[in-house]
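*Asks:* fold the stuff below for me.
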Amino acid sequence: MKPSIYNSCIPLRNGYVLVYNATTDAYAICNAAAITTDGHRITACDEAVERKLAEIGAFVDDDADEAADLAAFIDRNDNDASVFQLHINPTLNCNFRCWYCYENHQAGSMMGEEVLGSVLNLITRIVKRPGLKQLSLSFFGGEPLMYFDKVAGPITKHAAAECRACGVKLHVHFTSNAYLLTPHILDSLAGISTSFQITLDGARELHDKVRCTASGAGSYDAIVANIHSAILAGFPVVARINYTSANIESVLSIVEDFKHWGEEKELLSVDLQRVWQDKEGGPSEDSTREAVARTMESFRRAGLRCTSPAMLNSVKSPCYGDRRHNLLVNYDGNLFFCTARDFTLENSSGRLLPDGTPRWHDSEVLERRMKAKFSRPACRKCRIAPICGGGCRQKAVERPVTEACMHGYSERDIDTQIIRRFEQRHVL
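*Replies:* Numbering: from 1, shown residues only. Below you'll find the predicted structure:
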């Protein structure tokens, strides 16, 4: 057997080494005297240690071609035709103007009848595809609950009917601020597998400074009440709490607003996500990280699932935008593959025709996109390639191929990723 190319050996205190294999996503802690390393690579160890490390994938067969196996896995997984992910932007308008939002909101924008008809035809086409087992229908925007009865409601109703007729499972998801989540909307979604991601911006006082209505009134209490109504109605909710180094301490008080709820809390998960403009590495970084850890523990003690941030897992669980069977339809009928975009004509990949078929601006756009992931020389040699996969296809297509890591990771950054992964899983 030979050492895996996807091993990392990281020295610990007191004469131990953390051995991590990215293919199996497994760890072992070894006495440093039991193995010989060259940087992060294992160069020698005795037979007993080798047998143990083989159990976590740190040793592989002599004829193994791990890079080829990984490329084949990525290809199979990202081309899986059993699930189609369809995103819809009913509007790019929003009832709030949060300072950190990357979307360019368009007042008055709403999907019209012609594009709506095209979307319904698209759904009919999708659910009849051979081998399809599930349609995942996600509403984004803008605020997708705006104009619900004119756009998202009819689309959901049509998708439910078509999926039932074809024996296809349907799941519907809304990324929403939930201020408009009325009992009428919840009743309209009854009987349809539906979930929500609902955002909050810190505790009440800070949230209401970021998200207030046109009249200046705060929105925190209304949104929290609507989260409660959703889970009481049986809909799973991820409460995404956007934090910065300035507001993280306030997030602790949100626990008080959730913890007294009853068994319905089983349907609520809390996800702490740092606002992307609030960069890591500032003078208060250590205290910010400690505050996040304390906050997560407080939510968990209150009986709530809490995560932050998501660990790298873009090979086995790739972003929807990495999959072949994925599409986003904007309110104006323009087509995209990614939600993290300015939804302009210049950024679009095509347009939806009235019969529900895509017309691409470039006939090779999809194939070029599918070939971009894990195509860079640096990715083939990277020790965490089996969990990273080289980053998202959108960025891989847009950026020139170089020898550098697309994420800009240094060797130290990779070690940090591995240590944090270990801590989240194994340190109480």
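
*Asks:* can we go C-alpha only for contacts and neighbour counts from here?
*Replies:* Noted.

*Asks:* please, where are all the helices along the stretch 201-350 of the chain?
*Replies:* 204-210, 220-232, 248-251, 254-258, 285-301 (DSSP state H, counting those that start in this stretch).

*Asks:* who does the second one touch, helix- and strand-wise?
*Replies:* Just to be clear, that refers to helix 220-232. Secondary-structure packing of helix 220-232 (3 or more CA pairs under 8 Å, 6 or more residues apart in numbering; DSSP states H and E): helix 204-210, strand 237-243.

*Asks:* buried residues in the first one?
*Replies:* Just to be clear, that refers to helix 204-210. Using 16 or more other CA atoms under 10 Å as the test for burial, helix 204-210 gives R204, L206, H207, D208, K209, V210.

*Asks:* circling back: and the helices of the stretch 201-350 of the chain: which comes nearest K128?
*Replies:* Proximity to K128 (CA to CA) singles out helix 220-232 among the helices of the stretch 201-350 of the chain, at 31.3 Å.

*Asks:* list the contacts of the closest one.
*Replies:* For helix 220-232, the external contacting residues (CA atoms under 8 Å, 6 or more residues apart in numbering) are 177-179, 181-183, 186, 198, 200, 203-204, 207-208, 211, 236-237, 239, 257, 264-265, 267-268.

*Asks:* if we use 7 Å, what do you get?
*Replies:* A178, Y179, L181, R204, H207, D208, V237, E264, L267, L268 (CA atoms under 7 Å, 6 or more residues apart in numbering).

*Asks:* and which of the residues you listed is nearest K373?
*Replies:* Closest to K373, out of all of the contacts of helix 220-232 and judged by CA to CA, is V237, at 31.3 Å.

*Asks:* need the helices and strands packed on helix 220-232 in JSON lines (columns: distance to T23 and mean pLDDT).
*Replies:* Below are the helices and strands packed on helix 220-232 laid out as JSON lines (distance: least, CA to CA, whole Å; pLDDT from 0 to 100):
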{"stretch": "helix 204-210", "distance to T23": "41", "mean pLDDT": "86"}
{"stretch": "strand 237-243", "distance to T23": "29", "mean pLDDT": "93"}
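
*Asks:* with distance to A378 as extra columns, can I get the ones you listed in CSV?
*Replies:* Shown next, in CSV, are the helices and strands packed on helix 220-232 (distance: least, CA to CA, whole Å):
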stretch, distance to A378
helix 204-210, 41
strand 237-243, 33
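
*Asks:* and of those, who's closest to A34?
*Replies:* Using CA to CA, the nearest of those to A34 is strand 237-243, at 43.6 Å.

*Asks:* hmm, back to that, mind checking which of the helices of the stretch 201-350 of the chain is nearest H158?
*Replies:* helix 220-232 (22.1 Å).

*Asks:* what mean pLDDT does the helix or strand containing L120 get?
*Replies:* Using DSSP states H and E, the element containing L120 is helix 113-127. Averaged over helix 113-127, pLDDT sits at 98.

*Asks:* output the contacting helices and strands for the helix or strand following it.
*Replies:* Sequence order places strand 134-139 as the next helix or strand after helix 113-127, per DSSP H and E. Counting by 3 or more CA pairs under 7 Å, 6 or more residues apart in numbering; DSSP states H and E, the packing neighbours recorded for strand 134-139 are strand 83-88, strand 169-176.

*Asks:* so which of those is the most packed in?
*Replies:* strand 83-88 (a mean of 22; mean count of other CA atoms under 10 Å).
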